[in-house]
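[1] Here is a sequence together with a model predicted from it:
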Amino acid sequence: MIRPATLGAVVSSVLAFGALAGTACAQTTDVISDYFNNWYARVDQAQSSQPGWVTPLVTVTPRLEQEFRFDQLNQYQGTGAMVRNYGGGKGLELIPTATTEVVLNIPPYQVRSNIKPVQGFGDDPVLMVKQRLLSATADPQRLWGGDYIVTAFLGFQAPTGIKAFTNNAWLVTPTLAAGKGFGQFDIQGTVGVALPMAHEVTIGRAVATNVTFQYHVDDYFWPELEVNDTYWSGGLRDGKNQVLLTPGIIFGRFPLGGHSKANFGFGYQFAVSPTLQREPALTPTLDHAWIFTGRVSF
């Protein structure tokens with residue numbers, strides 16, 4: 001038999017635990033609410049402490065961006081095939097902390113015509129995490145005059161594509177990116193290695209180096225020239241080196257109201273080396289391409 005005094009003690013303990021749990025829940029709710037209520041304060045902090053360049057057409061910028069991006073590529077291959085790429089594997093970019101960006105991409109939809117016609121989704125570069133290591137805005141009192149940035153990336157590509165457009169393997173791509181501004185001129189570059197988690201004998205490891213030379217004219221014009229180099233170690237393209245040039249221009253940032261701004265750009269990409277090789281794997285992977293990009297930052 002439970003005595004009244006014992007029962008009272010149990011009830012008091014239950015009520016005290018309930019009150020404590022309620023307080024903890026309320027505090028957790030407040031923390032979550034504060035995090036999202038201060039989202040734009042962190043975004044402003046991140047972007048006000050780094051250079052103000054725009055993202056190039058091909059090179060992934062070392063800057064932290066918060067935007068939605070859609071690319072369109074019309075790629076002409078040395079075989080005579082033409083591949084329309086809708087989306088370019090781009091998507092939603094978010095800044096959850098003052099030094100971090102998370103990129104959630106959607107798979108590209110591709111349509112190949114002329115040679116072996118087929119259409120469907122390609123592999124999805126589903127996730128990229130960018131961690132900014134160093135940054136400074138332009139300031140003659142800073143080291144090197146400021147206007148520099150260094151960022152590390154880690155990207156993941158999932159084998160979600162149809163048979164014609166898949167590697168049948170996850171790819172993990174660690175990348176180091178950096179940039180430096182000199183007045184109206186800036187250089188942005190990346191070096192990354194695509195590491196297949198399977199089928200490395202055929203895919204190989206691809207070392208991609210991208211460098212962009214960009215100039216800012218007036219308020220909204222950013223002409224640029226990109227050098228896009230890929231070297232393969234192992235796989236069907238073992239020892240081969242592909243070099244593409246991409247002249248283009250970005251227009252922006254056009255204010256849309258509030259935090260929202262719009263950018264768009266065009267470019268023409270073409271292969272300069274090696275000479276066309278169809279076997280054992282098509283190299284370079286394209287002869288030339290037209291590129292369009294559209295972004296809305298927020």
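    Thanks, I have it. Numbering: from 1, shown residues only.

[2] contacts and neighbour counts: CA atoms only from here.
    Noted.

[3] show me what contacts the residue nearest to Val207 when sequence neighbours are not counted?
    Spatial nearest neighbour of Val207, excluding adjacent residues (CA to CA, 6 or more residues apart in numbering): Val193 at 4.5 Å. Taking CA atoms under 8 Å, 6 or more residues apart in numbering, we find Val193 in contact with 173-175, 205-208.

[4] Between all of those residues, which two are separated the most?
    Maximum pairwise distance in the contacts of Val193, criterion CA to CA, is 13.4 Å, between Thr175 and Arg205.

[5] shaky segments in the protein?
    1-27 (pLDDT under 70).

[6] For it, which segments are assigned as helices?
    4-37, 39-48, 200-203 (DSSP state H).

[7] residues making contact with the shortest one?
    Right, helix 200-203. Residues contacting helix 200-203 (CA under 8 Å, 6+ apart): 167, 196, 234-237.

[8] ok now it, how far from the chain's centre?
    Centroid displacement of helix 200-203 relative to its chain, using CA atoms, centre = their mean, to the nearest Å, is 25 Å.

[9] residues of it that come out buried?
    Of all the residues in helix 200-203, those buried under the rule 16 or more other CA atoms under 10 Å are 200, 203.

[10] Same question for stretch 215-224.
    Result for stretch 215-224 [16+ other CA under 10 Å]: buried residues 215-216, 221-224.

[11] Only the C-alpha atoms, please, for it, written as CSV.
    Below are the C-alpha coordinates for stretch 215-224, written out as CSV (Å, rounded to 0.1, in the frame of the first residue of the first chain):
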residue,chain,number,x,y,z
TYR,A,215,36.8,42.4,-64.9
HIS,A,216,34.1,44.7,-63.4
VAL,A,217,32.8,47.4,-65.8
ASP,A,218,30.4,50.1,-64.5
ASP,A,219,27.8,48.6,-62.1
TYR,A,220,26.4,45.5,-63.9
PHE,A,221,28.9,44.1,-66.4
TRP,A,222,31.4,41.4,-65.6
PRO,A,223,33.3,40.2,-68.8
GLU,A,224,35.5,37.2,-68.1
